[in-house]
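In: Just the structure for this:
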Amino acid sequence: MPLCILFEAGSRITHVVRLPDGANCFLKPVYAAATAGGFVTGMAQKSICTLDRNCKCCRLVRPGAALTGVCDNFQSADLRNVNMEGVTIENADITCASFDGAKLSGAVLRGVKGTAASFAGADLEYTNLEQSILVGANFNNANLRGANMQQAALEFATFEGADVGGVNFHESIVKETSFMGALGTKTADFSLAEGIATAKGLKV
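Out: As a prediction, the model looks like this:
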């Protein structure tokens, strides 16, 4: 039985969310915008994601670990509150993974991708998330000061209550992204970012 059926006559599908069971959830713009912070983000962790603390790649995680090319499947990884400072994980699949409360300062997560990923309350200071694809990701209450999110796809992501001071969002996509209650938006670099007019709570 499918988890979602959102087709309507004349609807324009703009996003495809890959679910852990292999099914595809097709989102039209109105529904996707309305569910930012819901199905696509936080609720996805609770409703469609089953976290795995003992995933193969999880066992290799430690401060400073260089995992690029060694392990790239972090789907549903439960890395909540784990110390990952300085870790290097590039181009990995982090669909449904949770990094809530994790220490990721100085980490390199360049090119990571996946829906329903969560970094709520994580320390991402000076973390490199350049060219990542994190549609609907949850960064609520995270510390992102000085992070690099250049050319990242962040549609429908939530940065509510997060500290984004000095973050590089140059050429990123922030369509329908929520910055409600976020700190430091005036010092973040949103030059050439796409979708600024639709971002919520953004003061630049």
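
In: how far away is the residue most central in space within the chain from Arg62?
Out: The residue lying closest to the centre of the chain (Cα atoms, centre = their mean) is Ala137, at 3.0 Å. Applying Cβ to Cβ, to the nearest Å, the value for Ala137 to Arg62 is 23 Å. Yep, even glycine has a C-beta here, placed from its N, CA and C like the rest.

In: before we move on, what about Ala153?
Out: Taking Cβ to Cβ, one finds Ala153 at 29 Å from Arg62.

In: Quick check on the closest residue to Ser98 other than its chain neighbours: phi, psi?
Out: Excluding its sequence neighbours, the residue lying closest to Ser98 (Cβ to Cβ, 6 or more residues apart in numbering) is Ser118, at 4.7 Å. The phi/psi pair for Ser118 (degrees, to the nearest 10) reads phi -130, psi 130.

In: Tell me the confidence at Ser118?
Out: Per-residue pLDDT puts Ser118 at 97.

In: When Ala153 and Arg62 are compared, which one has more neighbours?
Out: Higher neighbour count among Ala153 and Arg62: Ala153, with 18 against 13, using other Cβ atoms under 10 Å.

In: Can you spell out which residues form a bridge with the more buried one?
Out: Listed by DSSP bridges, the beta-bridge partners for Ala153 are Ile133, Ile173.

In: Quick check: it touching Val135?
Out: Yes - look at Ala153 against Val135 with Cβ atoms under 8 Å: they come within range, at 6.0 Å.

In: how many neighbours does the residue lying closest to Leu60 once chain neighbours are set aside have?
Out: Closest residue to Leu60 apart from its sequence neighbours, by Cβ to Cβ, 6+ apart: Cys71 at 5.5 Å. As a burial measure, Cys71 scores 17 neighbours (other Cβ under 10 Å).
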